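> Take a look and give me a structure for this.
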Amino acid sequence: MKLCVVSLGGESSKLIAKEARNFFDDVSEIGLKNIELCLDDKGFTVKDHEGELEDFDAIYVRGSHRYILLQRALTRALYKKVYMPIKPNAFTLGHNKLLGSLEMQQKGISIPTSFFVSNSKQAKSLLGEVNYPVIIKIPEGTQGKGVMFADSESSARSMIDALEAFKQPYIIQEYIETGEVKSEDLRVIVAGGKVVGAMKRISHSADVRANIHASGKGESVQLDPDVEKMSVKAARAIGVDIAAVDILKGRKASVIEVNLSPGLKGIMKYTGKNIARDVAK
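From the prediction side, this is the model:
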């Protein structure tokens, strides 16, 4: 059995490839930036800097939202020929907060109440109709970037002016109170149709973002059965066998995002589990 891990070369991708050598006869690591697709009337070939890709039994594609089209094209070209844990359309859904939320809503998964507008003028006209506080974010972005907390209409207007530099539409979302601190959420790793690890992420000081990359901290947590089921259902709705599902648990549990290329360093540290091995398996 042969596996290929296509990624940007991050630490988590390397950890997964290392652990995969316990389950595969051969594991190759290829840089996503080196991938080249060649199409003609007879078919297609996939190449990297060393030439045409050899045959694999499984290919795991990881990367950031900057490479959505390449990830989707690569997966679309090979999906029917080899096992891939992420469906082609999932790269669009997983890297776009609006489309991902819409897909989950259509599949009956609880999400925060959200408003989508295409420009700052529309966003500002909506601010008088919502209940504060709110979260303002742009559809594309990772690690908490482009996410802001507004406790009043005036602060929301200032934030929209700041986000205008991104030249993207806006999502205005209800703020869900989750605990005594400013913000906390659940990061759940799903692999192979089951939960293999979970932690609570707690924001740093007054920061609304609980992301570890945003200086949040984590702690191991035992999920209740309903949240476990919600996590697996959310991953399935987006079309992935491996993902991190981020959940806010206030009056009810709501999924805020499904991450296709989750970092594992933080959750392995706080849970003490070898989640990279579980993902590889």
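> Tell me where the model's unsure across the chain.
Flagging of the chain using pLDDT under 70 yields the residue ranges 141-146, 179-182, 204-216.
> Show me what the biggest helix by length in it is packed up against.
Using DSSP state H to define each element, the chain has its longest helix at helix 225-238. Counting contacts by 3 or more Cβ pairs under 8 Å, 6 or more residues apart in numbering; DSSP states H and E, helix 225-238 packs against helix 90-94, helix 97-106, strand 184-191, strand 194-202, strand 242-249, strand 253-259. All C-beta atoms are positioned from the backbone trio N, CA, C, and that covers glycine.
> Give the other helices and strands that the fifth one contacts.
With contacts defined as 3+ Cβ pairs under 8 Å, 6+ apart, the packing partners of strand 242-249 are strand 184-191, helix 225-238, strand 253-259.
> wait, which of the helices and strands packed on helix 225-238 is closest to Met148?
helix 97-106 (13.5 Å; Cβ to Cβ).
> contacting residues around that closest one?
92-94, 111, 114, 116, 137-141, 169, 171, 234, 237-238, 255, 257-258 (Cβ atoms under 8 Å, 6 or more residues apart in numbering).
> After that helix, which helix or strand is next?
Next along the chain after helix 97-106, taking DSSP states H and E as the criterion, comes strand 114-117.
> So which bits of stretch 112-123 are buried?
The neighbour-count check on stretch 112-123 (16 or more other Cβ atoms under 10 Å) flags 112, 114-117, 123 as buried.
> swap in stretch 263-281?
Neighbour-count burial for stretch 263-281 [16+ other Cβ under 10 Å]: 263-264, 266-268, 270-271, 273-280.
> One more: stretch 88-105?
Buried residues in stretch 88-105 (16+ other Cβ under 10 Å): 88-101, 103-104.
> just curious, which of the residues you listed is nearest to Gly31?
Phe91 (17.2 Å).
> wait, what's in contact with that closest one?
68, 71-72, 75, 260.
> Please apply the same query to Lys269.
With Cβ under 8 Å, 6+ apart, Lys269 has these contacts: Gly218.
> Distance of it relative to Leu8?
21 Å (Cβ to Cβ, to the nearest Å).
> Now Ser114: closest residue in space, sequence neighbours ignored.
Gln173 (4.5 Å; Cβ to Cβ, 6 or more residues apart in numbering).
> Name the SS class of that neighbour, please.
Here Gln173 is strand, with the state taken from DSSP: H, G, I helix; E, B strand; the rest coil.
> Distance of it relative to Ser254?
Gln173 is 10 Å from Ser254, by Cβ to Cβ.
> Now list whatever residues contact both of these two.
Counting by Cβ under 8 Å, 6+ apart, the residues touching both Gln173 and Ser254 are Pro112.
> Of the helices and strands packed on strand 242-249, give the one that comes closest to Thr45.
Going by Cβ to Cβ, the one of the helices and strands packed on strand 242-249 nearest Thr45 is helix 225-238, 28.7 Å.
> any idea how far the closest one is from the chain center?
14 Å (Cα atoms, centre = their mean, to the nearest Å).
> do the same with stretch 186-195
For stretch 186-195, the distance to the chain centre is 12 Å (Cα atoms, centre = their mean).
> Make 379 the first number, not 1, from now on.
From this message on, residue numbering opens at 379, which makes the last subject stretch 564-573.
> what residues does that stretch touch?
So stretch 564-573 is contacted by 574-579, 596, 599, 601, 605-606, 609-610, 612-614, 618-627, 640, 642, 644-645, 653, 656-657, 659 (Cβ under 8 Å, 6+ apart).
> Can you say which of those are buried?
574-579, 596, 599, 601, 605-606, 609-610, 612-614, 618-627, 640, 642, 644-645, 653, 656-657.
> Turn the helices and strands packed on helix 603-616 into TSV, columns for distance to Met462.
Output for the helices and strands packed on helix 603-616, formatted as TSV (distance: least, Cβ to Cβ, whole Å):
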stretch	distance to Met462
helix 468-472	10
helix 475-484	19
strand 562-569	14
strand 572-580	19
strand 620-627	10
strand 631-637	16
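> chain center to stretch 394-405, what's the gap?
Relative to its chain's centre, stretch 394-405 lies at 23 Å (Cα atoms, centre = their mean).
> How many residues are close by the residue nearest to Ser492?
Neighbour count for Gln551, taken as other Cβ atoms under 10 Å: 22.
> Now do the same contact list for it.
490-493, 512-515.
> switch to 6 Å and redo it
490, 492, 513 (Cβ atoms under 6 Å, 6 or more residues apart in numbering).
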